[in-house]
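Trainee: Sequence and predicted structure are below.
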Amino acid sequence: MSRDKASTMDADLQKVFGSPVAELYEATVGHDAAPALARALELRSFLALTEEQVARVRDRVHADMDPDRDMGELSADQLRFDAQWLDAALEARDGYRAALGELLRTMPPPAQHARPVRTAQLRATATLPPSAAPAPPRAGAARARRP
């Protein structure tokens, strides 16, 4: 995804996980990566992509509004479209920022490794009375008549 693009939450990720973002991505290559880290980096990738979209629309609007540009090239329809596009991209960015921020706030500290929970394995043992014992494989089969 957007591993190489910066995001506005890279410093938060580095603070929580204690490593630069590039190293965090490398840590997720193995199958034993922490699920919280994998989820955080997935959200971060979506955020970086969305922030790139915001920047593209912003730059396009700035170029369209350049004072040296011919006013005959201005298009109200194009500006409306860009405004809608920007609104959608900003909404997505805000959603990804909120989701990533919530994940970083609610996850356990990285130093606190999940320990397997030991549970007592109860074993049920009971003896059945002879009348409740399972029937032999041919039980109930009709006996052959003897001549």
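Mentor: Perfect, thanks for sending it.

Trainee: What segments of this protein are helices?
Mentor: For the chain, helices defined by DSSP state H occupy the ranges 10-17, 21-27, 35-64, 76-106.

Trainee: Which of those helices sits closest to D70?
Mentor: Closest of the helices of the chain to D70 is helix 35-64, at 10.9 Å (criterion: C-beta to C-beta). Where you see a C-beta, it was placed from the backbone N, CA and C, and this is true even at glycine.

Trainee: For stretch 13-31, buried residues please.
Mentor: Neighbour-count burial for stretch 13-31 flags 13, 16-17, 21, 24-25, 27 (criterion: 16 or more other C-beta atoms under 10 Å).

Trainee: residues near D94, how many?
Mentor: A total of 12 residues lie near D94 under the criterion other C-beta atoms under 10 Å.

Trainee: want to throw the helices of the chain into JSON lines with mean pLDDT and distance to R3?
Mentor: Listed next are the helices of the chain as JSON lines, based on pLDDT from 0 to 100; distance: least, C-beta to C-beta, whole Å:
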{"stretch": "helix 10-17", "mean pLDDT": "94", "distance to R3": "11"}
{"stretch": "helix 21-27", "mean pLDDT": "92", "distance to R3": "5"}
{"stretch": "helix 35-64", "mean pLDDT": "94", "distance to R3": "7"}
{"stretch": "helix 76-106", "mean pLDDT": "95", "distance to R3": "15"}
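
Trainee: now the ones you listed in TSV, with distance to D70?
Mentor: Converted to TSV, the helices of the chain look like this (distance: least, C-beta to C-beta, whole Å):
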stretch	distance to D70
helix 10-17	40
helix 21-27	42
helix 35-64	11
helix 76-106	14
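
Trainee: From E51, how far out is S19?
Mentor: From S19 over to E51 the distance is 21 Å, taken as C-beta to C-beta, to the nearest Å.

Trainee: since we're on the nearest residue to L100 once chain neighbours are set aside, how many residues are nearby?
Mentor: In space, and not counting its chain neighbours, L100 is closest to L43: 4.3 Å by C-beta to C-beta, 6 or more residues apart in numbering. When neighbours are defined as other C-beta under 10 Å, L43 has 23 of them.

Trainee: Could you double-check that L43 lies in contact with L103?
Mentor: Yes. Counting by C-beta atoms under 8 Å, L43 touches L103, with 6.6 Å between them.
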